[in-house]
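> Here you go, sequence then predicted model.
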Amino acid sequence: MSRLLRPARMLLLGPPGSGKGTQTERLRKQFEIPGISSGDILRRHIKDGTEIGQLASSIINQGKLLPDDLMTKVVASELRRRHWLSPSTSWLLDGFPRTQAQAEMLDAQELGPANAGMNLVVELQVPEDAMLDRIANRLVHVPSGRVYNLTYNPPKVPGRDDVTGEPLSQRPDDDPAVFRKRLNEYRASTEPLVEYYKNSGDVLWSVAGETSDVIYAQLEREVVRRFGESVDESADNGFGGCWSGRLAFVNNN
Ligand code: AP5
Ligand code: MG
């Protein structure tokens, strides 16, 4: 068991299928940190038929990126709605920022003024074949963003979400030709972002591995090293293990 002792504001970066959503979910459960995924927000807009959803649908299906200013507005309003723009909060971002322009806008307009800068940027490195194989076998529950894989973590009932029992679907951009375009977009737009964070103090940390289990073990160790501590569960303190991490930081979901 591990817990946070200091606020952790993290970004997960990585190509399509590298496991950003999977690792975010595991960190959320382990450290009780709330998180948001820009892709999940857009998929909910598409499902609800909003104006943003109509624009996003065709762009996503072509494997391209949405305009930087629009994405920054969408995510910034979510950060404000959740009261995350404060130095005492902990949170996880999956998929935003993914261009240098987005990072600059987020830092200058939102995080900097709130004294709530990102303090860990994780770059996931996974072999290309593994990523392609994973997205071919991926199913998602759009309302929650929960992700399944037909071989790695299949749903308990085939085709149904474990929590709600609602139907799962395949993402329209999870097709080999669109995957290739998303990967090219990643290389062109997101790799300069890694350089940006390299020059932003000691925030960037890269991790490589074939499987999400191998990566998660290293990631958890790094989060503990920077922001927390491991808790010996056999030493019962009478408070159920990780009370201080739960009370120290207020996160509104
Ligand atoms: P987004 O939804 O963020 O897609 P992505 O970046 O392409 O990443 P994915 O969600 O495909 O992969 P992931 O890394 O989360 O992997 P996962 O954990 O699911 O964005 C979609 C689109 O929205 C973009 O293309 C763009 O158009 C737009 N967009 C979003 N943000 C934007 C922004 N900031 N600016 C502009 N446009 C933006 O894992 C993949 C699969 O692998 C799953 O099935 C999982 O179960 C499985 N898996 C995980 N670990 C293992 C393992 N060890 N073994 C086998 N399978 C595994
Ligand atoms: Mg994802």
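Yep, that arrived. Residues are numbered from 1 along each chain as shown. Ligands and ions are numbered 1, 2, ... in the order given.
> Every contact and neighbour count from this point should use C-alpha atoms.
Fine.
> Is Val126 in contact with Glu210, as I believe?
Yes - at 5.8 Å, Val126 and Glu210 qualify as touching, with contact defined as Cα atoms under 8 Å.
> quick one: which of those two has more around it?
The neighbour count for Val126 versus Glu210, taken as other Cα atoms under 10 Å, is higher for Val126 (21 against 15).
> separation between the more buried one and Pro158?
Computed with Cα to Cα, to the nearest Å, the distance linking Val126 and Pro158 is 27 Å.
> Is there a neighbour count for the closest residue to Asn115 other than its chain neighbours? I'd like the number.
Closest residue to Asn115 apart from its sequence neighbours, by Cα to Cα, 6 or more residues apart in numbering: Pro87 at 5.5 Å. If you count neighbours by other Cα under 10 Å, Pro87 ends up with 15.
> Relative to ligand 1, how far out is Pro87?
Per Cα to the nearest ligand atom, to the nearest Å, Pro87 is found 23 Å from ligand 1.
> Same question for Asp202.
22 Å.
> give me every residue that touches that residue.
Remark: with contacts taken as Cα atoms under 8 Å, 6 or more residues apart in numbering, Asp202 is in contact with Asn119.
> Could you look up the SS state of it?
Using DSSP: H, G, I helix; E, B strand; the rest coil as the criterion, the local structure at Asp202 reads coil.
> doesn't Gly93 fall inside a strand?
No, residue 93 isn't Gly; it's Leu. Yes - remark: Leu93 belongs to a strand, assigned using three-state DSSP.
> shaky segments in the chain?
Within the chain, the stretches with pLDDT under 70 are 233-253.
> got the residues of it near ligand 1?
Contact residues of the chain with respect to ligand 1, defined by Cα under 6 Å from any ligand atom, are listed as 15-22, 38-40, 59-60, 63-66, 71, 95-98, 134-135, 137-138, 147-149, 152-153, 182, 211-213.
> Show only the entries of these found in helices.
By the criterion of DSSP state H, membership of those in helices covers 20-22, 38-40, 59-60, 71, 134-135, 182, 212-213.
> Show me which of those residues are buried.
Buried members of these, counted by 16 or more other Cα atoms under 10 Å: Lys20, Gly21, Thr22, Ser38, Gly39, Asp40, Ile60, Met71, Arg134, Ile135, Arg182, Ser212.
> Among those, which pair sits farthest apart?
The distance between the two most remote of these (Cα to Cα) is 27.5 Å, for Met71 and Ser212.
> where do the strands sit along the stretch 151-253 of the chain?
Under the criterion DSSP state E, counting those that start in this stretch, the stretch 151-253 of the chain contains strands at 204-208, 228-230.
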